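Asks: Show me the folded form of this:
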Amino acid sequence: MDYRGRVRRDHRERLLMSVLVSDRKESKFEAITYSVELHDMLSDFMQRSFGVKDLEHFVRVRYAYGDDETEDYAKYRYLMTNFKNRIDHLASQLTNNIRAANSTYPTSMQEYEQRRSYQNSAIVNCEQIIKELQRIVEIFNVDVNTYGRYVKAIDREIGLIKKWRQRDNRIKSYLQGNI
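Replies: Just a heads-up that it's a prediction; the model follows:
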């Protein structure tokens with residue numbers, strides 16, 4: 001068989017072995033890997049100051065329209081820094097809770113409940129991040145549409161964690177059967 005024949009055969013075999021994206025199952029580690037991706041996304045967003053293009057201009061406009069009594073640049077710099085720190089901290093907690101849950105393989109109901117607690121805490125972290133993003137929109141009057149991508153990513157992470165918890169229900173029923 002010549003070289004082209006082998007290439008065609010290899011290509012056909014790869015096509016037969018590949019699985020369509022729509023038919024692929026999500027990895028059971030998807031919640032873990034996606035939490036890292038989410039943290040990276042949020043870090044990038046924080047570096048771009050959450051879509052606030054010019055903080056000084058924002059403060060001058062607020063003062064000009066009478067929304068603030070003074071041009072308090074320090075106040076808004078402080079708020080921006082605090083939001084960045086809080087969201088970074090929450091995203092770190094999210095990843096830490098997911099990793100802690102993954103490192104616990106339940107062999108007793110107590111371990112199962114501990115794992116479930118970490119998973120629940122991760123969901124709470126997601127909700128807290130959304131709350132912080134909503135607060136930024138309110139304070140800095142940024143375009144809400146800019147945030148849709150991030151809220152959708154956070155919702156996906158919540159969905160992945162909930163699917164993981166559903167898979168863990170089999171472990172729970174097994175553990176309850178052994179009591």
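
Asks: tell me which element the residue positioned nearest the centre of the chain is part of?
Replies: The residue lying closest to the centre of the chain (C-alpha atoms, centre = their mean) is residue 38, at 3.8 Å. According to DSSP states H and E, residue 38 maps onto helix 30-47.

Asks: what's the answer for residue 67, then?
Replies: Going by DSSP H and E, residue 67 is not part of any helix or strand.

Asks: gap between it and residue 151?
Replies: 26 Å (C-beta to C-beta, to the nearest Å). To be clear about C-beta, it is placed using only N, CA and C from the backbone, and glycine gets the same treatment.

Asks: quick revisit: show me what the next helix or strand after the helix holding residue 38 is in contact with.
Replies: The helix or strand immediately downstream of helix 30-47 is helix 55-64, counting by DSSP H and E. For helix 55-64, the surrounding residues in contact (C-beta atoms under 8 Å, 6 or more residues apart in numbering) are 49, 52, 68-73, 76-77, 80, 140-141.

Asks: switch the cut-off to 6 Å
Replies: 68, 71, 73, 76 (C-beta atoms under 6 Å, 6 or more residues apart in numbering).

Asks: Tell me how many other residues crowd the second one.
Replies: Neighbours of residue 71 under the rule other C-beta atoms under 10 Å: 14.

Asks: ok, the closest residue to residue 125 other than its chain neighbours - contacts?
Replies: Spatial nearest neighbour of residue 125, chain neighbours left out: residue 94 (3.9 Å); criterion: C-beta to C-beta, 6 or more residues apart in numbering. Residue 94 makes contact with 35, 122, 125, according to C-beta under 6 Å, 6+ apart.

Asks: re the thing from before, from residue 164, how far off is the residue nearest to the centre of the chain?
Replies: 15 Å.

Asks: May I ask which helix or strand of this structure has the lowest mean pLDDT?
Replies: In the chain, the helix or strand scored least confidently by mean pLDDT, DSSP states H and E is helix 3-17, which has a mean of 56.

Asks: send the alpha carbons of stretch 148-165 over as PDB?
Replies: C-alpha atoms of stretch 148-165 as PDB (Å, rounded to 0.1, in the frame of the first residue of the first chain):
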ATOM      1  CA  GLY A 148     -24.000  38.300  30.200                       C
ATOM      2  CA  ARG A 149     -21.000  36.200  29.200                       C
ATOM      3  CA  TYR A 150     -19.700  36.000  32.700                       C
ATOM      4  CA  VAL A 151     -23.100  35.300  34.300                       C
ATOM      5  CA  LYS A 152     -23.700  32.600  31.700                       C
ATOM      6  CA  ALA A 153     -20.300  31.000  32.600                       C
ATOM      7  CA  ILE A 154     -21.100  31.200  36.300                       C
ATOM      8  CA  ASP A 155     -24.500  29.600  35.700                       C
ATOM      9  CA  ARG A 156     -22.700  26.800  33.700                       C
ATOM     10  CA  GLU A 157     -20.400  26.200  36.700                       C
ATOM     11  CA  ILE A 158     -23.500  25.900  39.000                       C
ATOM     12  CA  GLY A 159     -25.000  23.500  36.600                       C
ATOM     13  CA  LEU A 160     -21.900  21.300  36.500                       C
ATOM     14  CA  ILE A 161     -21.700  21.200  40.300                       C
ATOM     15  CA  LYS A 162     -25.400  20.300  40.500                       C
ATOM     16  CA  LYS A 163     -24.900  17.400  38.000                       C
ATOM     17  CA  TRP A 164     -21.900  16.300  40.100                       C
ATOM     18  CA  ARG A 165     -24.100  16.300  43.200                       C
END
